[in-house]
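*Asks:* What follows is a predicted structure for the sequence shown.
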Number of protein chains: 4
Amino acid sequence: MPGSNYGSIFKITTFGESHGEALGVVIDGVPAGFELSLDLIQAEMDRRKPGQSDATTPRKEGDKIKCLSGYFQGKTTGTPLTLVLFNENTKSKDYGDIVDKFRPGHGDWTYFSKYNGHRDWRGGGRSSGRETAARTAAGAVAKQLLSSMNIDIHAYTKAAGGIKCETYDRDEIEKNPMRAPDPIAADKMMVKLKELIKDHNSMGGVVECRINNLPAGLGEPVFNKLDAELAKAIMSLGTVKGFEIGSGFACAELTGKEQNDERDKNGFLTNNAGGIIAGISTGQEVVFRAAIKPTPSISQKQKTIDKELNETDIVTIGRHDPCICPRIVPVIEAMAAIVIMDLILLQKEMSL
Amino acid sequence: MPGSNYGSIFKITTFGESHGEALGVVIDGVPAGFELSLDLIQAEMDRRKPGQSDATTPRKEGDKIKCLSGYFQGKTTGTPLTLVLFNENTKSKDYGDIVDKFRPGHGDWTYFSKYNGHRDWRGGGRSSGRETAARTAAGAVAKQLLSSMNIDIHAYTKAAGGIKCETYDRDEIEKNPMRAPDPIAADKMMVKLKELIKDHNSMGGVVECRINNLPAGLGEPVFNKLDAELAKAIMSLGTVKGFEIGSGFACAELTGKEQNDERDKNGFLTNNAGGIIAGISTGQEVVFRAAIKPTPSISQKQKTIDKELNETDIVTIGRHDPCICPRIVPVIEAMAAIVIMDLILLQKEMSL
Amino acid sequence: MPGSNYGSIFKITTFGESHGEALGVVIDGVPAGFELSLDLIQAEMDRRKPGQSDATTPRKEGDKIKCLSGYFQGKTTGTPLTLVLFNENTKSKDYGDIVDKFRPGHGDWTYFSKYNGHRDWRGGGRSSGRETAARTAAGAVAKQLLSSMNIDIHAYTKAAGGIKCETYDRDEIEKNPMRAPDPIAADKMMVKLKELIKDHNSMGGVVECRINNLPAGLGEPVFNKLDAELAKAIMSLGTVKGFEIGSGFACAELTGKEQNDERDKNGFLTNNAGGIIAGISTGQEVVFRAAIKPTPSISQKQKTIDKELNETDIVTIGRHDPCICPRIVPVIEAMAAIVIMDLILLQKEMSL
Amino acid sequence: MPGSNYGSIFKITTFGESHGEALGVVIDGVPAGFELSLDLIQAEMDRRKPGQSDATTPRKEGDKIKCLSGYFQGKTTGTPLTLVLFNENTKSKDYGDIVDKFRPGHGDWTYFSKYNGHRDWRGGGRSSGRETAARTAAGAVAKQLLSSMNIDIHAYTKAAGGIKCETYDRDEIEKNPMRAPDPIAADKMMVKLKELIKDHNSMGGVVECRINNLPAGLGEPVFNKLDAELAKAIMSLGTVKGFEIGSGFACAELTGKEQNDERDKNGFLTNNAGGIIAGISTGQEVVFRAAIKPTPSISQKQKTIDKELNETDIVTIGRHDPCICPRIVPVIEAMAAIVIMDLILLQKEMSL
């Protein structure tokens, strides 16, 4: 059962349900004496929170982070750092059909199966995307630590609704509601999105993430390899159906001669490896992509069953993100930061 | 550093280098009193071993498994089960360039970086694909345990060298050297393969794996989800550059209406989820795919550097698998079996 | 660094400093659907809290437990259960000497050494005995789960200030401020205690714990044995300097004939093993003892050094427990309950 | 079930039964490039092996260590280091009563209970003291690593058969069969021992261990404290019934004024803490003691039951150690070394 921990040295434990009292994270293993900015953590929370544009749900969540432990006089103490988001206005909602019926594409059925019929169905409980708020907070700590080592992580929408970015301008990413590095593609995505909103439908996409200035040597063979840990961390997001690194699935059609990254004294000539070989960082840019499924919460009638296994149908009430890409961008950065931070600390103990 | 363990209840620890004394695995957590067949383990070792056909390297490895502990009177004892492969004829080889130069596409450079310049370069040491022999042995134990619960796992080459299987006949898989379920595609793959062998080149592919009769409820949110664990286990194979489940990367171009699996009293109407929602098994068939990179060991001259970081070039000596797909098939089954076995045991403790 | 987790299936993570915002615990692995009483948890918090009698510090701590997650409609959901104690009135205290000087017998120096000079010195920060409040909350959950299986755990003061209990009456334990099963010894202990209070001194003791109705077969050889886990859990309390089971240190003077527990069809004839052989429960009563050191916080002048390593002396301000035995009794029960609960869940997965 | 791992960075996994094919250990996390001496490992194996004197069993075990992986050109590679002892002449023994009856004081009954009636009863299987050979090998690696950092660990028999050492001369320890630092006490112990041998009986004792040159700051609050980890590691030896540190159980009769270690600029004035406060090393000598139970294998008739739970009696055949103290000395050093090595590596990652 116990799957709410990640990491071995930079070790996070998350908790909380969508409409419960609070969500949060305990981070054990934060180095002592680090000048941590709570404002920078809040800034990441704000990047993830709903209601930022047409591309995201208009629901309002305050998402104000509070630090309960491990922080004193503006610095970390080396003891567990606890960050909590208290939920507001979670009382007396009309949850409608969700109590007794299983929404297609949602974790309602699987949570019901796993936990012997017991689950907090309010807002999806722990299977809600809101669970990623706690990950974002933990990732914001990791990002600050990595930033102090000059390691940079950024993600963006590479494709959505069948529209692919053709250009890459990092400065554009945070300027458009899709968080796409190609402003023209971003506009097209928004047009598509508005059509789908009208149709009570949603769309998927691809998010790409790049990690720069990573030293060679990170990753723990043979199971806790850098790519394996990134894959686990990213695939642990409910919305992700695929993960690839470097040339990824395209490598299936390449020859060895094409895939191999040759090298001269100035470095590697190509980066089909995506910065990782044999599960260990090469010192190149790490590049990976995640397949983001279309939001399952759509206000169209769909066939399903109820708790008594009778046939029925359901219309998901309320407005949800018609495309999850822009809001999952900071979460993917957060997960990558958590993975990298843990492997950096693990690598430190390797020599006497 | 310590990345040679996988699993929390069915817990494996592998060891060994390609040309060292032995490779092996210790499995802690095997239920006591199980009638384990060492012959069935050997059969899986034989499926993985080299020299089976033109599609695989003609190197001969005996790969005879030996059980050192945890087994008494034909049954498991519940104490650590140790399986070992002793390497034969590993003495006095000419290793040539590999000692001082880093082969493109191989872990030579990353191991060198990680372990402060110390590594066993003989045959690639621990970064060799031969490391997967130990995983195969552990997986063969898991497969027998799962088989006693009627859970079935099988993998096959879905595509290779740009040729995709168009049909699926399970009985064909083990009949052709590519382990493809479409005999016509298999023939085309072999034609392509022979061209590449002549050209001292290699080709990649896609391996698909199906798991049947899995109960609903397996997987441990929010980090140790079934898909996250499968992704980690599969991506921990050096040859894999991508992982996807169900609709996978194709979901990026679908709408929510298309992706969602509706349901009636007879079950789900589609399986875009690939048998996993919110990280927990739905009770449907689990289907995932892995992108297999072309073998990096090619006998063509490639640019690289040596230990003193001088520019040089290298030709990898010896014959290697021109396409790793057929031999990685049993390894992917093994990793899937290990993941599932661990999650089944974890699920057992959930109710009082 | 990361030592704030305990357990593998019933897995607890504690956080919090003595005078920080809050202390708490996240429990991952609580079985779903258990009717958990928050009142019973509060009752255990009240047994541990200060100000109960002359034997404990007169400081007032509200110690009201709040549940943040994993609990819905009076039942556990199987997701992480979070229990928090918010600290009250922790602002603007005069901390005096504690900021710059290291108190003898306290963790001030070792925390300073470990965390590179960074620590939250308010009330001892994380090294405070108040940290055990979070353990007590987690233990209260474990105790309720064990109680539903009829497993009973109780501890008591066996000796204190050189006075040993001569009789054992379980009903007496909670009736006297020393939590001793011998009311006459308890009276003598209180007399001794009052003398020491006058003298600004403190006294140590021995706490004994008994676990009944434990099935045979619990404990995970060869490292995570039942006695090894109990020893770790109990020795992880800052106040404990020794741990023994069954005949304990007395076995050093016994012969094999005397120590061995013979057996007939009605059961074991003696219990020198303390209910554990080869690290696994025998089915007998488990009996262990912990050596409790005298409270280090005494209002007498003692030699020490300051942060600049200059010689100085210090008088600990404020009133503290003159004997920690009575308040550590519920904490020892809590730790035993957490250990047992984890091993019971681990044992469940042993057979197919 | 899976309890055969210890450590988080210097991570050991042991396997093997007393009369099976082999016993061994896989150590994951050995720093790369360390010049490891296999001879020094063998020397520790020889200190532990039986047949050294009257004080130990005259059984002959070759106990020749063999290294299977992680070692190349005289140095460690950073990959798993595997050390194995192959058992010799383990075939066709007469095991007599042990097959069907449970020996008092042995793990026969508890293993039978835990593993659903399945166990390797040959020589006690995994519950045999021979299991500690694998620990000794792992500890011998840790000791060499610690030695390179000038950290010194040594243990000795402090008391046995009711006779206590009155003097301490380190040079005497390895000169007498009891491994006692007081040669006169050692002689008396041997006299007592010979009497007990004649009487087919055995005796217990106390082993003390000292660790020198340990830096301040080791140990991971609040659960993986230095004393808690030592307690777990030592109590995981089947022969140990108690563990204490510094003043230990004697602290129960001390006052705070007596127990507290004051300090001036030259260091601590006393060491009642045993070198550990709040679970973290102080920089002083670490001193702990273990209560060693008398060997349960005695050739006297004892009451027990058989597998069908019928009353019977049993005489343990063969000669065993009449006092386990001298042979457990190197094992206790080994466990201490393993604990320290892991905590040193964990401490390394604490600052950025």
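*Replies:* Cool, got the structure.

*Asks:* Is residue A:222 in contact with residue B:16, as I believe?
*Replies:* No - counting by C-beta atoms under 8 Å, residue B:16 is not a contact partner of residue A:222; they are 10.0 Å apart. For every residue, glycine as well, the C-beta is placed using N, CA and C.

*Asks:* Look at the two and report which has more neighbours.
*Replies:* Comparing residue A:222 with residue B:16 by neighbour count (other C-beta atoms under 10 Å in any protein chain shown), the higher total belongs to residue B:16, at 31 against 27.

*Asks:* Tell me the predicted confidence for residue A:95.
*Replies:* Reading off the per-residue confidence, residue A:95 sits at a pLDDT of 77.

*Asks:* what sits against it?
*Replies:* A:121-123 (C-beta atoms under 8 Å, 6 or more residues apart in numbering or on different chains).

*Asks:* Try it again at 6 Å.
*Replies:* With contacts taken as C-beta atoms under 6 Å, 6 or more residues apart in numbering or on different chains, residue A:95 has no neighbouring residues.

*Asks:* Also the one 10 residues further on?
*Replies:* Contacts were defined as C-beta under 6 Å, 6+ apart; by that measure residue A:105 touches A:296, B:260.

*Asks:* let's go with 8 Å and repeat that
*Replies:* Residue A:105 makes contact with A:293, A:296-297, B:256, B:259-261, B:273, B:277, according to C-beta under 8 Å, 6+ apart.

*Asks:* That one is in what secondary structure piece?
*Replies:* Here residue A:105 sits in a region with no helix or strand, counting by DSSP states H and E.

*Asks:* And the pLDDT for it?
*Replies:* The predicted local confidence for residue A:105 is 95.

*Asks:* what separates it from residue B:272, distance-wise?
*Replies:* Taking C-beta to C-beta, to the nearest Å as the criterion, residue A:105 is separated from residue B:272 by 8 Å.

*Asks:* and the closest residue to chain D within the stretch 101-250 of chain A, how many neighbours does it have?
*Replies:* Per C-beta to the nearest C-beta, residue A:148 is where the stretch 101-250 of chain A lies closest to chain D, at 6.4 Å. Neighbouring residues of residue A:148 were enumerated by other C-beta under 10 Å; the total is 12.

*Asks:* which stretches of the stretch 1-150 of chain A form helices?
*Replies:* Shown for the stretch 1-150 of chain A, the helices assigned by DSSP state H, counting those that start in this stretch span residues A:38-48, A:108-114, A:132-147.

*Asks:* what are the ranges of the strands in the stretch 51-200 of chain A?
*Replies:* All strands of the stretch 51-200 of chain A, identified by DSSP state E, counting those that start in this stretch, fall at A:65-69, A:71-72, A:75-76, A:81-86, A:152-160, A:163-164.

*Asks:* Can you tell me the closest non-neighbouring residue to residue A:150?
*Replies:* Taking C-beta to C-beta, 6 or more residues apart in numbering or on different chains, and ignoring the residues beside it in sequence, residue A:150 has residue A:213 as its nearest neighbour in space, at 5.1 Å.

*Asks:* for residue A:44, that is, sorry about that
*Replies:* Counting by C-beta to C-beta, 6+ apart, residue A:44 lies nearest to residue A:140, which is 3.9 Å off, once chain neighbours are set aside.

*Asks:* quick one: that neighbour and residue A:45, what's the gap?
*Replies:* Counting by C-beta to C-beta, the separation of residue A:140 from residue A:45 is 7 Å.

*Asks:* Which of the contacts of residue A:105 fall within helices?
*Replies:* Using DSSP state H to define helices, the subset of the contacts of residue A:105 located there is B:256, B:259.

*Asks:* Which of the contacts of residue A:105 scores worst on pLDDT?
*Replies:* When these are compared on pLDDT, residue A:297 comes out lowest, with 91.

*Asks:* For the longest helix seen in chain A, buried residues please.
*Replies:* Of all the segments assigned as helix in chain A under DSSP H, the longest by residue count is helix A:325-348. By 16 or more other C-beta atoms under 10 Å in any protein chain shown, the buried positions in helix A:325-348 come out as A:325-348.

*Asks:* cool, and stretch A:106-125?
*Replies:* Along stretch A:106-125, these residues count as buried under the neighbour rule (16+ other C-beta under 10 Å): A:106-115, A:118-125.

*Asks:* again with stretch A:135-153
*Replies:* Neighbour-count burial for stretch A:135-153 flags A:135-146, A:151, A:153 (criterion: 16+ other C-beta under 10 Å).

*Asks:* For the stretch 151-300 of chain A, which segments count as helices?
*Replies:* In the stretch 151-300 of chain A, the helices defined using DSSP H, counting those that start in this stretch lie at A:183-198, A:226-235, A:256-259.

*Asks:* do the second one and chain D meet at all?
*Replies:* Okay, so that is helix A:226-235. No - contact between helix A:226-235 and chain D is absent, the nearest approach being 15.6 Å (criterion: C-beta under 8 Å from any C-beta of the partner chain).

*Asks:* Just confirm yes or no for that helix near chain B.
*Replies:* Yes - Helix A:226-235 comes into contact with chain B (C-beta under 8 Å from any C-beta), by way of A:227-235.

*Asks:* again, but for the shortest one
*Replies:* Yes - where contact is defined by C-beta under 8 Å from any C-beta, part of helix A:256-259 touches chain B, namely A:256-259.

*Asks:* Using PDB, write out the CA atom coordinates for that helix.
*Replies:* Included here for helix A:256-259 are C-alpha records, laid out as PDB according to Å, rounded to 0.1, in the frame of the first residue of the first chain:
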ATOM      1  CA  GLY A 256      23.000   1.900 -34.900                       C
ATOM      2  CA  LYS A 257      25.100   4.200 -37.100                       C
ATOM      3  CA  GLU A 258      22.300   6.800 -37.000                       C
ATOM      4  CA  GLN A 259      21.500   6.500 -33.300                       C
END
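
*Asks:* Does it pack against any helices or strands, and if so which?
*Replies:* The elements that helix A:256-259 packs onto, with contact taken as 3 or more C-beta pairs under 8 Å, 6 or more residues apart in numbering or on different chains; DSSP states H and E, do not include any helix or strand.

*Asks:* do the second one as well
*Replies:* When contacts are defined as 3+ C-beta pairs under 8 Å, 6+ apart, helix A:226-235 packs onto strand A:240-245, strand A:286-292, helix A:325-348, helix B:226-235, strand B:240-245.

*Asks:* now the angle between strand A:240-245 and the fourth one, please.
*Replies:* Spelled out, it's helix B:226-235. Angle of helix B:226-235 versus strand A:240-245, following axes from the mean of the first three to the mean of the last three C-alpha atoms, to 10 degrees, is 20 degrees.

*Asks:* next one: the second one
*Replies:* Calculated by the same axes, to 10 degrees, strand A:286-292 forms an angle of 160 degrees with strand A:240-245.

*Asks:* and strand A:286-292, is it in reach of chain B?
*Replies:* Yes - counting by C-beta under 8 Å from any C-beta, chain B has neighbours in strand A:286-292: A:291-292.

*Asks:* So which of the residues of helix A:226-235 next to chain B wins on neighbours?
*Replies:* Ranked by the number of neighbours (other C-beta under 10 Å), these place residue A:227 first, at 34 neighbours.

*Asks:* gap between it and chain C?
*Replies:* Residue A:227 sits at a distance of 24 Å from chain C (criterion: C-beta to the nearest C-beta, to the nearest Å).

*Asks:* Kindly report the same for residue A:258.
*Replies:* Using C-beta to the nearest C-beta, one gets 43 Å for the distance from residue A:258 to chain C.

*Asks:* ok, now residue A:291?
*Replies:* Noted for residue A:291: a distance of 26 Å to chain C, by C-beta to the nearest C-beta.

*Asks:* who's the closest residue to that residue other than its chain neighbours bridged to?
*Replies:* Closest residue to residue A:291 apart from its sequence neighbours, by C-beta to C-beta, 6+ apart: residue A:242 at 3.5 Å. Partner residues in beta bridges with residue A:242, using DSSP bridges, are residue A:291, residue B:244.

*Asks:* Perfect, I'm done here.
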